[in-house]
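S.K.: fold the following for me, if possible:
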Amino acid sequence: MTKAKKKQMETTGAGGWLSYRPELKVLDCTVRDGGLINEHKFSDEFVRGIYDAALAAGVDYFECGYKASKRLSKREDYGPWKFCDEADLRRVFGDEPDPAMKLTVMADAERTDYHLDILPKDQSILSMIRVACYIHQIPTAVEMLQDAHAKGYETTCNIMALSTIQENELHEALKILAATPVDVIYVVDSFGSLYSEQVRDYARMFLHAVEGTQKRIGIHTHNNQQLAFSNSIEAVVHGINLVDATVYGLGRGAGNCPMELLLGFLKNPKFDQRPLIECIQKDLLPLSKKLDWGYSLPYMITGQLNLHPRDAMELRESPQKEEFLAFYDKMME
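M.R.: Presented below is the predicted three-dimensional model:
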């Protein structure tokens, strides 16, 4: 344990130990979610810097990017982290990455040629495949999960746009997923619209759905209403055991739960904020002057309206990026 971590624990008080669970794991999705704002065109040096910082900080999983179909997305239009070909992965992470932090990628349902592009585990340095789907894509997601499991991977299912799904549909989807070999099912706040009591209720629902199995529940939050961190805390308190976060909150639109905040809350002595703070100073602060992410009023508005942030993202990329009142009036019409 570092001196800084020991000091942090001493000053937190006994209540801080409520967040200590050895089985609770953390997943870094900085490169994957952050890639959504620059077409996944991060340099090898940047990606390796985030990886090294996460590894030194004690993070358990590192998400490298997507496994996107080259039939649907042209390679020349995107950076390598849109596709995560094995050659690119090995060039940056080596042929034998440190086993202390497992590598993972996200595969979108109906947008991944998973039969071909996801290799058998013994031919890849990846350890986990994360299948993302909308509720109507559950049958496809099940096929993808079964394929990845048969190839030897850990798996997750991230059900997107959770806040738009009718409760009976969600119960049925969870029942179906509980019967698959999936390892983790995620509560995903795609629009940054959820409040703590909703996160609590989803956590209880998901945990009940997998009761009696060895499956875990994860949480992935967005920061439209500046609740990504607090909602992640709420999920942890109610028994969720895999938490997504990004360094300095880098991510699509309003960004995600900041990793440095999360590790400060979790009292497992293996976690260390210092490498993240060094990485933020070296890599993320310069990037923040070039790319736009994080809380702003347009993202707040779409979050409160339970809408996809695409309209807010378009505004933030336009010359009228700070015409907040006109945007508010438009969205309220």
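
S.K.: what about the residue lying closest to Leu305 once chain neighbours are set aside, how many residues nearby?
M.R.: With C-beta to C-beta, 6 or more residues apart in numbering as the measure, Met331 is the residue that lies nearest to Leu305, at 6.2 Å, once sequence neighbours are left out. C-beta coordinates here come from the backbone N, C-alpha and C atoms, glycine included. Using other C-beta atoms under 10 Å, Met331 is surrounded by 16 other residues.

S.K.: for Met331, give me the pLDDT.
M.R.: The per-residue pLDDT reported for Met331 equals 96.

S.K.: thought it was touching Leu307?
M.R.: Yes - with contact defined as C-beta atoms under 8 Å, Met331 reaches Leu307; the gap is 7.5 Å.

S.K.: chain center to the one helix or strand the residue nearest to Leu305 maps to: distance?
M.R.: Element membership of Met331 [criterion: DSSP states H and E] is helix 324-332. Distance of helix 324-332 from the chain centroid (C-alpha atoms, centre = their mean, to the nearest Å) equals 29 Å.

S.K.: equivalent analysis for stretch 97-109, please.
M.R.: 12 Å.

S.K.: now do the end-to-end distance for it.
M.R.: Separation of the first and last residues of stretch 97-109 by C-alpha to C-alpha, to the nearest Å is 27 Å.

S.K.: and that stretch, average pLDDT?
M.R.: Model confidence over stretch 97-109 averages 98 on the pLDDT scale.

S.K.: buried set for that stretch?
M.R.: Across stretch 97-109, burial judged by 16 or more other C-beta atoms under 10 Å covers Pro97, Met101, Lys102, Leu103, Thr104, Val105, Met106, Ala107, Asp108, Ala109.

S.K.: downstream of the helix or strand hosting Phe206, the next helix or strand is which one?
M.R.: For Phe206, the host element (DSSP H and E) is helix 196-209. Along the chain past helix 196-209, the next helix or strand (assigned with DSSP H and E) turns out to be strand 216-220.

S.K.: hmm, who's touching that next one?
M.R.: Residues from elsewhere that reach strand 216-220, judged by C-beta atoms under 8 Å, 6 or more residues apart in numbering: 27, 29, 156, 158, 183-189, 199, 203, 206-207, 210, 231-232, 235-236, 239-244, 256.

S.K.: please tell me how far that strand is from the chain's geometric centre.
M.R.: 10 Å.

S.K.: what angle sits between that strand and helix 196-209?
M.R.: Computed by axes from the mean of the first three to the mean of the last three C-alpha atoms, to 10 degrees, the angle separating strand 216-220 from helix 196-209 equals 150 degrees.

S.K.: list the strands paired with strand 216-220, with their directions.
M.R.: Pairing partners of strand 216-220, with direction, according to DSSP bridges: strand 184-188 (parallel), strand 242-245 (parallel).

S.K.: can you give the contact residues for the helix or strand harbouring Asp52?
M.R.: Under DSSP H and E, the secondary-structure element containing Asp52 is helix 44-57. By C-beta under 8 Å, 6+ apart, the surrounding residues in contact with helix 44-57 are 28, 30-31, 62, 64, 81, 91-93, 98, 100-101, 247, 259, 263, 271-276, 278-279, 282-283, 287.

S.K.: re earlier: most tightly surrounded among the strands paired with strand 216-220?
M.R.: A comparison of those by mean neighbour count, using mean count of other C-beta atoms under 10 Å, puts strand 242-245 on top with a mean of 26.

S.K.: and for the next helix or strand after it, what's in contact with it?
M.R.: On the C-terminal side of strand 242-245, the nearest following helix or strand under DSSP H and E is helix 259-265. The list of residues contacting helix 259-265 from outside it, by C-beta under 8 Å, 6+ apart, reads 8, 19, 26, 28, 30, 54, 57-59, 229, 232-233, 236, 243, 245-248, 271-273, 276-277, 280.

S.K.: name the nearest residue to Gly152, sequence neighbours excluded.
M.R.: Leaving aside its chain neighbours, Gly152 sits nearest to Lys121 (3.1 Å; criterion: C-beta to C-beta, 6+ apart).

S.K.: returning to what we had before: give the buried residues for the helix holding Met331.
M.R.: The neighbour-count check on helix 324-332 (16+ other C-beta under 10 Å) flags Phe327, Met331 as buried.

S.K.: which stretches in the protein count as strands?
M.R.: Under the criterion DSSP state E, the chain carries strands at the ranges 25-28, 61-66, 102-108, 128-133, 154-159, 184-188, 216-220, 242-245.

S.K.: include distance to Pro139 when you put the ones you listed into TSV, please.
M.R.: Formatted as TSV, these follow (distance: least, C-beta to C-beta, whole Å):
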stretch	distance to Pro139
strand 25-28	26
strand 61-66	21
strand 102-108	15
strand 128-133	9
strand 154-159	12
strand 184-188	16
strand 216-220	21
strand 242-245	24
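
S.K.: these: which one's closest to Glu39?
M.R.: Taking C-beta to C-beta, strand 61-66 is the member of the strands of the chain nearest to Glu39, at 11.3 Å.

S.K.: okay, Lys267: pLDDT?
M.R.: In the predicted model, Lys267 carries a pLDDT score of 83.

S.K.: right, I'll leave it there.
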